[in-house]
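Visitor: Structure of the sequence below:
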Amino acid sequence: MLRIGVIGCGYWGPNLIRDFSELENAEITALCDQDGSKLKRFKKRFSGALFTKDPKDLFRSKSVDAVAIATPASTHYALAKEAFASGKHVLVEKPLTFDVSEALELIDEAKSARKILMVGHTFEFNPAVIKIKELIESGELGKIYYITSRRLNLGIIRENLNALWNLAPHDISILNFITGKMPLKVKAWGGSFLKTGREDLAFINITYPEGIIANVHVSWLDPLKVREAVIVGSKKMVLYDDVDNEARIKIYDKGADKHASSESGSGFADFQIKLRAGDLVVPRIDMTEPLKQECRHFVDCAINDKTPKTDGENGLRVVKVLNAAAESLKTGGTEIRIK
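Guide: Modelled structure (predicted):
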């Protein structure tokens with residue numbers, strides 16, 4: 001039984017509390033939030049748990065084996081570092097940190113403490129995203145040409161970070177996951193409309209190895225809720241729509257094929273491009289809740305000393321891309337190589 005304390009019981013924390021409490025090998029033993037009113041809703045359900053406004057109480061508690069951190073990103077580094085110093089396993093929400101050096105330090109702290117560090121890249125536990133990765137790895141889509149991803153909505157508008165840091169971690173983690181590659185370079189541009197210096201939307205161009213190009217569009221100032229990606233390969237194309245509960249993935253047997261021309265009278269090969277339009281396939285996907293799978297995986301890794309699927313190195317890769325994109329954003333779209 002893994003005894004878990006959750007830090008941050010406002011927006012995302014209640015989802016973690018719900019899913020951890022429903023696992024047979026996990027128990028909520030402590031809840032922490034600076035706003036005491038957010039704790040009241042849980043006191044009846046978890047009457048035997050520790051309730052506190054101070055995270056240090058969780059770190060000192062002998063009834064807490066692991067902490068889940070669902071606080072603003074600016075606090076992740078300090079809280080996770082103190083948790084490791086106290087001998088706790090850590091699940092921290094995205095992004096792991098704002099700073100590459102801090103992410104590296106947390107990876108080292110976890111190793112030194114011999115504890116689990118896992119990052120909440122929930123979409124890597126999404127069955128539809130996992131299916132896309134399988135399609136790419138099997139070769140069914142052919143060579144991947146490019147990927148576009150859009151994450152749009154009207155709200156929630158953050159005060160302490162921009163749309164890039166708030167929304168793009170999801171898309172970047174998905175792209176890194178399905179391609180199995182680390183990007184080479186990135187360029188980004190956007191616009192600040194509601195508050196000077198805080199971008200409400202961003203466009204991010206990412207170059208992956210083997211010539212794969214990805215474009216990410218994120219905005220919290222859009223009339224429609226959009227959560228979709230298009231993957232274009234040499235053989236087939238895929239539409240992933242996370243809002244469509246009936247058909248999250250559609251596989252299109254469409255493309256443009258190059259054929260040698262038999263009419264050439266020169267000594268050089270001529271080619272013609274022929275468009276191809278075949279079947280549309282909607283594969284059956286058993287949509288288990290990604291967050292529940294993420295929580296189950298964290299508990300399993302902590303109890304059985306396994307390396308998490310979304311470990312600190314995974315989180316670091318996303319932070320590196322975000323940092324490069326943020327640097328490019330500040331300079332109006334300068335191309336930044338990812339180190």
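
Visitor: So which elements touch the host helix or strand of Ala168?
Guide: Element membership for Ala168 (DSSP states H and E) is helix 163-179. If you count contacts as 3 or more C-beta pairs under 8 Å, 6 or more residues apart in numbering; DSSP states H and E, helix 163-179 packs onto helix 127-138, strand 144-154, strand 185-191, strand 201-207, strand 213-219, strand 221-233, helix 312-330. Every residue, glycine included, has its C-beta placed from N, CA and C.

Visitor: closest to Leu291 out of these?
Guide: Proximity to Leu291 (C-beta to C-beta) singles out helix 127-138 among those, at 12.5 Å.

Visitor: what's next to that closest one, contact-wise?
Guide: If you take C-beta atoms under 8 Å, 6 or more residues apart in numbering as the criterion, helix 127-138 is touched by 123-124, 141, 144, 174, 177-180, 229, 231, 233, 236, 238, 240, 242, 248-249, 251, 283, 285-288, 290.

Visitor: Need the CA coordinates for that helix. CSV is fine.
Guide: Extracted in CSV, the C-alpha atoms of helix 127-138 (Å, rounded to 0.1, in the frame of the first residue of the first chain):
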residue,chain,number,x,y,z
PRO,A,127,-5.0,4.8,-25.5
ALA,A,128,-5.6,6.8,-28.7
VAL,A,129,-2.1,8.3,-28.5
ILE,A,130,-0.6,4.9,-27.8
LYS,A,131,-2.4,3.6,-30.9
ILE,A,132,-0.9,6.4,-33.1
LYS,A,133,2.6,5.4,-31.8
GLU,A,134,1.9,1.8,-32.7
LEU,A,135,0.8,2.8,-36.2
ILE,A,136,4.0,4.8,-36.8
GLU,A,137,6.3,2.1,-35.4
SER,A,138,4.6,-0.6,-37.4
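
Visitor: how about it: buried residues?
Guide: With burial defined by 16 or more other C-beta atoms under 10 Å, the residues of helix 127-138 counted as buried are 127-132, 135-136.

Visitor: Ala73 - how many residues pack around it?
Guide: 20 (other C-beta atoms under 10 Å).

Visitor: which stretches of the stretch 101-250 of the chain have low pLDDT?
Guide: In the predicted model of the stretch 101-250 of the chain, no residue satisfies pLDDT under 70.

Visitor: if we go to 90?
Guide: Applying pLDDT under 90 to the stretch 101-250 of the chain flags residues 155-156, 159-160.

Visitor: Just say helix, strand or coil for Glu124.
Guide: Secondary structure state of Glu124, per DSSP: H, G, I helix; E, B strand; the rest coil, is helix.

Visitor: Which segments of the protein make up each domain?
Guide: Domain segmentation of the chain under automatic domain parsing yields 2-123+290-311, 127-288+321-337.

Visitor: Most tightly packed of the ones you listed?
Guide: Most buried of the domains of the chain by mean neighbour count (mean count of other C-beta atoms under 10 Å) is domain 2-123+290-311; its value is a mean of 19.

Visitor: who are the neighbours in contact with the nearest residue to Glu93 once chain neighbours are set aside?
Guide: Spatial nearest neighbour of Glu93, chain neighbours left out: Gly120 (4.3 Å); criterion: C-beta to C-beta, 6 or more residues apart in numbering. Shown in contact with Gly120 (C-beta under 8 Å, 6+ apart): 91-94, 294, 310.

Visitor: how does it look with 10 Å?
Guide: Applying C-beta atoms under 10 Å, 6 or more residues apart in numbering to Gly120 gives the contacts 12, 16, 68-70, 91-96, 169, 173, 291, 294-295, 298, 310, 315.

Visitor: From Asp54, how far out is the closest residue to Tyr252 other than its chain neighbours?
Guide: In this structure, Tyr252 finds its nearest non-sequential neighbour in Met237, 4.5 Å apart by C-beta to C-beta, 6+ apart. Met237 sits 52 Å away from Asp54, going by C-beta to C-beta, to the nearest Å.

Visitor: thinking again about what came up before, tilt between the helix holding Ala168 and strand 221-233?
Guide: Interaxial angle of helix 163-179 relative to strand 221-233 (axes from the mean of the first three to the mean of the last three C-alpha atoms, to 10 degrees): 20 degrees.
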